[in-house]
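> please find the sequence and the predicted model below.
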Amino acid sequence: MRVASTKPLPSLQTRSRKELPNIPRPLHDLQRNTWLQLPAKQAQSALPQYPARTQEVGITLQRGGVWPTMEKGVSLERAIELALQYPLPKHTETITLDEARGRILASALVSKVDDPRFDNSAMDGFAVIASDCQSPGAELTIIGTSQTGGKTPPSITSGQACRIMTGAPLPTGADAIVMVEDTEVEGGQVTINGPARTGYIRRRAENLSIGQEALPAGTILSSASIALAGTMGHGEVEVIEKPRIAILSTGDELVQPGTELEPGQIYESNSHALASLVESMGCEAVRHESANDSMDELRTTLDSLSTYDAILTSGGVSMGEWDLVRRIMEEEGNISFWRMKLRPGGPPLFGTWKGTPLFGLPGNPVSSLVVFHVLVAPWVAKSLRYHEEMGPRLSHKVSVKLEEDVSGAPGKLCLRRIRIRPEEGQLLATTHTHQGSGNMHSMVAHNGLTLLPPDTDGEAGKVIDALWLL
Ligand code: AMP
Ligand code: MG
């Protein structure tokens, strides 16, 4: 993660709140029905005539006179669909295995070799013919040694044994291995005191054959998958170039943790959480210093961030006078949707700023995290075509049994924080702290979110869908 260097924060007292009243409010501010306050005729003509895409259509007013449509109060599925109209760009690069941890495979990897390459021993011991070792105490003549990385071992015939190391090629004629612990050597003879097992032979290609695909595109390169890439003969891998995502918290009250607080100020935490989530999704996070609640400052900052692949803002998207991210996006950006049928996390918007996809996440700390989990993470994963099971992920969808009543939300998908724990073959869910969307402690005291459909309560004993957060 990188931190973009910017100007020092001015103190709260020096910030101007005067600019807002000088800018005319947009006529179309449907949430406050501003246009309805105009005389009836004027209000009518202020309404642009656009065909509605859904019944929930809203309209954005842009200074340049462009009036694109936006949707309001969308479902989570619709929000993801709309955001995917502006996916992250997918570029690839080739890197060495040493650089591969956490990167995402751009193309499937097929094996360049059989694995194992040849029949070999799984044990240190003796390669034998099983029928020679039926009765305990059989004596065999040692005719040589099969070593790893060595020459082709001698073939054996009945009555003979060949010393063998783990991983060394099986001599022709041998069909079983006796562990060294089950043998006694004297001179050129070996006495067999234990079983001769065919199961101690690792057969050629029993794991993978040449040309077999073992790592699909979109896989996150974990330590095991890096090792498998090596096993298959790949010293370099083609991965998705990390998209660069800028993160901008907004709010006059925000101060970086670790500094002194003046009256009315609070510590800024959202950008830190969002940066870590962005990185967990295989992208590069560039955390920008918080912007004040000022149209001019927002405009300048968003312009400077428009060179990134995407922008995440937090704060300023609700219905308040000072929710300027929403306002600047309405007036000067391009909004695809505003508000979602979600609780918590209702206010987000998505659109573009100078062509760059922008998620306006809520300021309330829990809401901004939750919306990342359910909206931004799937958008990243689908944009970059991550593998569903083997790609990076922040949560697993699971079924949990509620241990207490949990209320849903009218008309909204309800994401209550729950603590999930496995017990006797099932997952049980309880709540611990209060569920305020400003209570970040609740995101730590819990490890999951309910997926209660709109208008559905969850009674104790009921099995419901949930996200188990990783
Ligand atoms: P807003 O959406 O800007 O109205 O903010 C809603 C609430 O979240 C307010 O109480 C803010 O102080 C708080 N908040 C906004 N941004 C952040 C942030 N980056 N870190 C912590 N709290 C925040
Ligand atoms: Mg704010």
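Great, that's in hand. Numbering: from 1, shown residues only. Ligands and ions are numbered 1, 2, ... in the order given.

> for the stretch 251-400 of the chain, what lies in contact range of ligand 1?
Those residues of the stretch 251-400 of the chain that sit near ligand 1, judged by CB under 6 Å from any ligand atom, are 251, 253-254, 266, 268-271, 314-316, 318, 320, 362-365. Yep, even glycine has a C-beta here, placed from its N, CA and C like the rest.

> next one: T250 from L342, what distance?
20 Å (CB to CB, to the nearest Å).

> same thing with S121?
Taken as CB to CB, the span from S121 to L342 is 59 Å.

> go on, S442?
For S442 relative to L342 (CB to CB), the value is 16 Å.

> which residue does the protein bring closest to ligand 1?
Distance from ligand 1 to each residue of the chain (CB to the nearest ligand atom) is smallest for G363, at 2.4 Å.

> so who does that residue touch?
249-251, 270, 314-318 (CB atoms under 8 Å, 6 or more residues apart in numbering).

> go on, G230?
Contact partners of G230, counting by CB under 8 Å, 6+ apart, are L97.

> neighbour count winner among S442 and L342?
Per other CB atoms under 10 Å, whichever of S442 and L342 has more neighbours is L342, with 26 against 19.

> just checking, S367 touches G360?
No: using CB atoms under 8 Å, S367 makes no contact with G360, being 11.7 Å away.

> quick one: common contacting residues for the two?
With CB under 8 Å, 6+ apart, S367 and G360 have common neighbours P347.

> what's H441 in contact with, if anything?
Taking CB under 8 Å, 6+ apart, one finds T433 in contact with H441.

> if we use 10 Å, what do you get?
Listed by CB atoms under 10 Å, 6 or more residues apart in numbering, the contact set of H441 reads 365-366, 432-434.

> can you check E389 too?
216, 218-219, 396.

> tell me the one of those residues nearest ligand 2?
Of all the contacts of E389, ligand 2 sits closest to H396, with 32.7 Å by CB to the ion.

> doesn't L449 make contact with the closest one?
No: applying CB atoms under 10 Å, one finds H396 not in contact with L449, separated by 11.4 Å.

> residues that sit against both of those two, list them.
By CB under 10 Å, 6+ apart, the residues touching both H396 and L449 are 420, 466-469.

> okay, the residues you listed in a markdown table with neighbour count and secondary structure next?
Putting the shared contacts of H396 and L449 into a markdown table (neighbours: other CB atoms under 10 Å; DSSP: H, G, I helix; E, B strand; the rest coil) gives the following:
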| residue | neighbour count | secondary structure |
| --- | --- | --- |
| I420 | 20 | strand |
| A466 | 25 | strand |
| L467 | 22 | strand |
| W468 | 17 | strand |
| L469 | 18 | strand |
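
> nearest to I164 among those residues?
Minimum distance to I164 across the shared contacts of H396 and L449 is 46.6 Å, recorded for W468 (CB to CB).

> look up the closest residue to L88, ignoring the ones flanking it.
Nearest residue to L88, sequence neighbours excluded (CB to CB, 6 or more residues apart in numbering): S383, at 3.9 Å.

> give the contact list for that neighbour.
So S383 contacts 83-84, 86-90, 243, 283, 309-310, 357 (CB under 10 Å, 6+ apart).

> could you give me the average pLDDT of the host helix or strand of A273?
Element membership for A273, per DSSP states H and E: helix 270-280. In this model, helix 270-280 has an average pLDDT of 98.

> show me the helices in this protein, by range?
Along the chain, counting by DSSP state H, helices occupy 19-22, 40-46, 76-83, 223-231, 270-280, 295-305, 324-332, 365-371, 377-383, 441-445.

> of those, which stretch is the most buried?
Highest mean neighbour count among the helices of the chain (mean count of other CB atoms under 10 Å): helix 365-371, with a mean of 26.

> how far does that one sit from its chain's centre?
15 Å (CA atoms, centre = their mean, to the nearest Å).

> hey, C-alpha coordinates of that helix in PDB?
Below are the C-alpha coordinates for helix 365-371, written out as PDB (Å, rounded to 0.1, in the frame of the first residue of the first chain):
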ATOM      1  CA  PRO A 365     -17.100   3.000   9.500                       C
ATOM      2  CA  VAL A 366     -19.100  -0.200   9.600                       C
ATOM      3  CA  SER A 367     -21.100   0.700   6.500                       C
ATOM      4  CA  SER A 368     -18.100   1.500   4.500                       C
ATOM      5  CA  LEU A 369     -16.500  -1.900   5.300                       C
ATOM      6  CA  VAL A 370     -19.700  -3.800   4.800                       C
ATOM      7  CA  VAL A 371     -20.300  -2.200   1.400                       C
END
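
> any low-confidence regions in the stretch 51-200 of the chain?
51-68 (pLDDT under 70).

> what about burial for the contacts of S383, which qualify?
Listed as buried from the contacts of S383 are 83, 86-88, 243, 283, 309-310, 357; burial here means 16 or more other CB atoms under 10 Å.

> and which of these is nearest R416?
The closest of the buried ones among the contacts of S383 to R416 turns out to be A83 (CB to CB; 24.0 Å).

> from P453, how far out is the closest one?
According to CB to CB, A83 stands 21 Å off from P453.

> one more: P153?
With distances taken as CB to CB, P153 is found 66 Å from P453.

> now do G73
Separation of G73 from P453 (CB to CB): 16 Å.

> most remote residue from the middle of this protein, which is it?
Computed with CA atoms, centre = their mean, the maximum C-alpha offset from the centroid of the chain is found at G187, amounting to 61.9 Å.

> mind listing what that one touches?
141-142.

> near ligand 2, which residues of the chain?
251, 315-316, 363 (CB under 5 Å from the ion).

> make CSV from those residues and add pLDDT to it.
Formatted as CSV, the residues of the chain next to ligand 2 follow (pLDDT from 0 to 100):
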residue, pLDDT
G251, 98
G315, 98
G316, 98
G363, 98
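
> before I go, just wanted to say thanks for your time.
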